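Undergrad: sharing a model prediction with you, sequence too.
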Amino acid sequence: MRPSADAESILQRVADGDEEALRDLYRQYGRLAFTIAIRILGREDLAEDVVQEAFLRVWRYADRFDARKASFVTWFSRLVRNLCIDILRKKEPLRGAGPIDDVAHFLAHNDRIEAPVLDRIIIREAFLHLPAEQSRVLEMAYFQGLSHREISQLLEIPEGTVKSRMRLGLKKMRDRLHEDGHD
């Protein structure tokens, strides 16, 4: 049996209220969910929250899965990605998060976190300091994959404004990273 078909049959058991089936899905796809979340969010604690929420939603909405529209892996990956984007959209200061130097120091001694994850955290910190209008267009372009024209239409602003906000936001991020010694 192909993995996708296996996941789909397990998902049907989840829809029927089988808790052991949910555990099976977690054992098979928990690492995938965590990998997606950590790549998008760059924070282990947030990634763990997303994984927990994703499996909670699988438990609640397993009956809504339609194998004709997508494989389980595609459906589940999109669910995890959307939960991550929801967190990024909130742009609220994260509870318990200290200065980036404290986070970098903590991660430097954690063998499970690769250097690219630390880079993402540093970049995310610079992103959080952008004005809302700049971070919004960058978020829409890079996290949602929208074109300049689509952003312009959604925000009801000229396409040139979208481009200049993106340029200015990227410049501010680059300057901040340079000031903090991250070239």
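TA: Great, that's in hand. Numbers count the residues shown, from 1 in each chain.

Undergrad: ok now the helix or strand containing A7, how far from the chain's centre?
TA: Using DSSP states H and E, A7 sits in helix 3-15. Relative to the centre of its chain, helix 3-15 is centred 24 Å away, using C-alpha atoms, centre = their mean, to the nearest Å.

Undergrad: and what of stretch 20-36?
TA: Centroid separation for stretch 20-36 versus its chain: 17 Å, with C-alpha atoms, centre = their mean.

Undergrad: and the contacts of it?
TA: 3, 7, 10-11, 13-14, 47-48, 50-51, 54-55, 58-59, 73, 76-77, 80-81, 84 (C-beta atoms under 8 Å, 6 or more residues apart in numbering). Where C-beta positions appear, they are placed from N, C-alpha and C, glycine not excepted.

Undergrad: dump that stretch to PDB, restricted to CA.
TA: Taking only C-alpha atoms (Å, rounded to 0.1, in the frame of the first residue of the first chain), the coordinates of stretch 20-36 have been written out as PDB:
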ATOM      1  CA  GLU A  20      -4.700   5.300  18.300                       C
ATOM      2  CA  ALA A  21      -5.100   6.200  14.600                       C
ATOM      3  CA  LEU A  22      -4.200   9.800  15.500                       C
ATOM      4  CA  ARG A  23      -1.100   8.600  17.300                       C
ATOM      5  CA  ASP A  24      -0.200   6.600  14.200                       C
ATOM      6  CA  LEU A  25      -0.500   9.700  12.100                       C
ATOM      7  CA  TYR A  26       1.600  11.700  14.600                       C
ATOM      8  CA  ARG A  27       4.300   9.000  14.500                       C
ATOM      9  CA  GLN A  28       4.300   9.100  10.700                       C
ATOM     10  CA  TYR A  29       3.900  12.800  10.100                       C
ATOM     11  CA  GLY A  30       4.900  14.700  13.200                       C
ATOM     12  CA  ARG A  31       8.500  15.200  12.100                       C
ATOM     13  CA  LEU A  32       7.300  16.500   8.700                       C
ATOM     14  CA  ALA A  33       5.000  19.000  10.500                       C
ATOM     15  CA  PHE A  34       7.800  20.200  12.800                       C
ATOM     16  CA  THR A  35      10.200  20.500   9.800                       C
ATOM     17  CA  ILE A  36       7.700  22.700   7.900                       C
END
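
Undergrad: could you list the buried residues of it?
TA: Applying a neighbour-count criterion of 16 or more other C-beta atoms under 10 Å, one finds A21, L22, D24, L25, Y26, Y29, A33, F34, I36 buried in stretch 20-36.
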